[in-house]
Structures are given as structure tokens and as C-alpha cells.
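Participant: here's a sequence, model it:
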Amino acid sequence: PRRLERPTHRRQSGRPHMSSSFLDAANARASAKEPLAPVKVMLDKKPVMLKRQMTNREGEDLAEPLPKDLDLKKEKIKLYGFDFSPPCMKVRVLLNYYGIPYEWIQAMPGQKKDDLDDSYKKVPKLVIGERQINDSAVIFRTLAPFLTGSPMTQSEILLEKDNNIRGFLGALEKETASSYYGIVCASSSFMASWSTTTGKLARPVLPYVLGLVAPLPWALFKFVAPHGRDGTSMEFGKRYQAALGDKKYFSGEAIGPLDLSLYGTFKCFGYFNSPPAAAVLKDCGLKDWYERCDAAVNAVKPIEVSM
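Facilitator: Just a heads-up that it's a prediction; the model follows:
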């Protein structure tokens with residue numbers, strides 16, 4: 001191997017000087033033919049986010065069904081969502097009524113959570129052990145056999161499926177948020193707990209000021225958002241009225257998953273004092289049914305929200 005010669009000329013100004021000890025060490029290594037130790041480059045890699053394999057896309061059932069002997073009361077269950085989401089309220093009512101313990105975790109649409117399948121950007125997300133179930137309609141028809149002992153009928157599945165963003169609950173959201181009095185009523189409800197001096201002064205006036213922005217959400221729902229694209233809240237209300245008929249509940253004499261789904265939706269919009277929701281209950285003859293559901297649910301476990 002080529003030996004490094006010790007320079008005999010003077011070091012030029014500004015150039016680094018190679019010391020004698022360094023050259024001697026380098027030549028010794030070269031003579032012994034010792035390989036240089038490899039240099040490891042450490043890359044700043046982010047930890048891989050684990051994704052749950054047993055999950056589903058919106059509207060699709062689980063590829064691998066839940067075990068038939070599954071006991072929901074013994075499973076570790078987590079529900080991700082936020083208080084005033086109608087789809088989340090539906091699922092909370094369902095779990096509460098049937099006495100299923102679960103951990104309620106606040107999460108907004110699109111918010112990333114560790115160990116979740118984040119490809120589904122909406123809420124609710126229900127995690128049972130190592131399984132994640134997305135879409136409230138899928139959650140209802142998946143859990144029904146374990147909660148009631150029998151699956152939902154095809155008619156009940158279709159009626160519950162109509163209670164979605166494009167259907168009933170989406171229509172209520174659209175009609176409430178894009179109308180002057182809908183915004184006024186919702187704002188007044190949220191401001192009712194304002195107890196500061198400034199809050200007390202703002203409460204009688206601010207809701208009516210906020211109502212003036214109604215054209216903005218109207219344009220959003222009209223041209224962009226999918227809410228209520230399949231019909232108005234009153235059209236769906238008439239459909240539910242026909243399905244209920246003279247029965248005490250949609251499932252007969254006992255309350256069932258479809259009842260809890262619709263009750264949860266009305267309950268959520270009740271917090272907003274939604275005029276469209278109140279109109280559907282009154283004009284579609286569903287008020288007595290709602291009051292029976294309300295009494296039944298409150299007797300087991302009322303829904304708690306933070307205003």
C-alpha cells in the first residue's frame with residue numbers, strides 16, 4: 001500500500017496542517033492492511049404507525065366477522081368521537097342502553113390516534129379488542145345480534161342506514177345549520193351556560209347576530225357537502241312514521257336498535273333546540289314514540305355531554 005509522505009515544504013497560509021503523529025498512525029495502519037471500521041449513518045426515522053388489520057371501509061361489513069361467542073360486556077371497548085356528533089350519539093345510546101361498558105375518547109374527524117386505522121377519516125370509530133369497526137350503520141348491524149340475540153331485519157337495516165349523512169341526520173344538520181332560526185336556537189343553547197358579565201351581556205344579542213351568517217353554510221351544503229342529498233328531514237320523517245305505524249316501538253313492544261338509532265339522532269339535535277327536528281317529531285306523529293324512548297334510555301343510563 002502507498003505510504004503517506006511527510007511534507008517537506010512549508011505549510012501555506014490558510015491550509016490545514018497534517019501532524020506527524022497522524023501520518024505515522026495512518027502509515028502504520030496501511031502497512032498492516034487493517035481495514036477501516038465502517039461508518040454507520042443513523043437516519044432519523046419515524047416509528048412505523050401500526051395499523052389494525054381487522055377493520056372495514058365505510059359502508060362495508062367486517063371481512064372477518066366477530067366471534068359468535070363474543071361477550072361484549074367482558075371486552076375492552078373504546079369509542080372514538082365527539083359529544084355533538086349525531087352518528088356518535090347514536091352509538092353511545094346503543095351501548096348505554098344495553099349496558100356495554102366502554103371508554104369514551106374525544107376525537108375529531110381526521111384526527112390521528114395511535115394504533116388506529118386512520119384511513120377512515122370520520123367518526124365514530126369503535127374498537128373492540130383488536131378489531132376496529134367504522135361507520136355507525138355498520139356498528140349497529142354488527143352489534144345487534146350480540147345485544148338483542150337476533151340480527152336486524154333487512155327492513156330495519158335499510159331504515160337505519162337512511163339515518164346517515166346523505167339521509168335523515170345529514171338533512172337535519174343541513175336544515176339546522178343553514179337557516180337563520182336554526183343558528184339562533186343552536187347558539188342560544190350553547191350560550192345558556194355563559195355566566196360571566198360579558199357572557200350575560202352577549203347572550204341576548206349574539207345568537208341573532210350569528211344567525212346572519214346563514215347564507216354561508218347554506219352555500220356550503222348546497223354545492224359542496226353531501227348532507228341531506230337523498231331527501232329532506234320531513235321526507236324521511238314520513239317514511240319513519242309509516243314504518244312505525246301503530247306499534248309502540250319500531251321493533252314491536254320492546255325497544256330495539258332502530259329505535260335507539262333514531263332516538264340518538266333526535267336527542268343530539270335536541271341539544272341544539274333544532275327547529276327542523278322539532279317539526280319532524282310533531283308533524284310526523286313521532287313525539288309520543290320519542291318520549292317513550294327517552295324514558296326508557298334515561299331509566300338505564302342517560303347520555304352525558306359537555307356544553
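
Participant: now the most centrally placed residue in the chain: how far from I139?
Facilitator: Closest to where the C-alpha atoms of the chain average out (CA atoms, centre = their mean) is V123, at 1.7 Å. According to CB to CB, to the nearest Å, V123 stands 11 Å off from I139. Heads up, the C-betas are built off the backbone N, CA and C, glycines and all.

Participant: the stretch 101-250 of the chain: helices as residue ranges?
Facilitator: 136-148, 154-161, 168-177, 180-191, 197-202, 206-210, 215-223, 233-244 (DSSP state H, counting those that start in this stretch).

Participant: Serialize those helices to CSV and add fields for mean neighbour count.
Facilitator: Converted to CSV, those look like this (neighbours: other CB atoms under 10 Å):
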stretch, mean neighbour count
helix 136-148, 21
helix 154-161, 17
helix 168-177, 26
helix 180-191, 18
helix 197-202, 11
helix 206-210, 15
helix 215-223, 14
helix 233-244, 18
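
Participant: before we move on, the earlier item: does the residue nearest to the centre of the chain touch A107 like I think?
Facilitator: Yes. Counting by CB atoms under 8 Å, V123 touches A107, with 5.9 Å between them.

Participant: joint contacts of these two?
Facilitator: Y80, G81, F82 (CB atoms under 8 Å, 6 or more residues apart in numbering).

Participant: report the contact partners of the last one.
Facilitator: Residues near F82 by CB under 8 Å, 6+ apart: C88, Q106, A107, M108, V123.

Participant: tell me who's in contact with the third one.
Facilitator: By CB under 8 Å, 6+ apart, the contact set of A107 is Y80, G81, F82, K113, V123, K125.

Participant: 10 Å - rerun?
Facilitator: Residues in contact with A107, defined by CB atoms under 10 Å, 6 or more residues apart in numbering, are K78, L79, Y80, G81, F82, S85, C88, K113, L116, V123, P124, K125.

Participant: and these, which two are the farthest apart?
Facilitator: The span of the contacts of A107, defined through CB to CB, is set by S85 and L116 at 16.4 Å.

Participant: dump the helix or strand containing G264 to CSV, restricted to CA.
Facilitator: According to DSSP states H and E, G264 maps onto helix 257-271. Presented in CSV, the C-alpha positions along helix 257-271 are these (Å, rounded to 0.1, in the frame of the first residue of the first chain):
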residue,chain,number,x,y,z
PRO,A,257,-81.5,-0.9,17.7
LEU,A,258,-83.5,1.1,15.1
ASP,A,259,-85.4,2.9,17.9
LEU,A,260,-82.1,3.8,19.6
SER,A,261,-80.5,5.0,16.4
LEU,A,262,-83.3,7.5,15.6
TYR,A,263,-83.7,8.4,19.3
GLY,A,264,-80.0,9.2,19.4
THR,A,265,-80.3,11.5,16.4
PHE,A,266,-83.3,13.4,17.8
LYS,A,267,-81.5,13.6,21.2
CYS,A,268,-78.4,15.2,19.6
PHE,A,269,-80.4,17.8,17.7
GLY,A,270,-82.5,18.4,20.8
TYR,A,271,-79.4,19.9,22.5
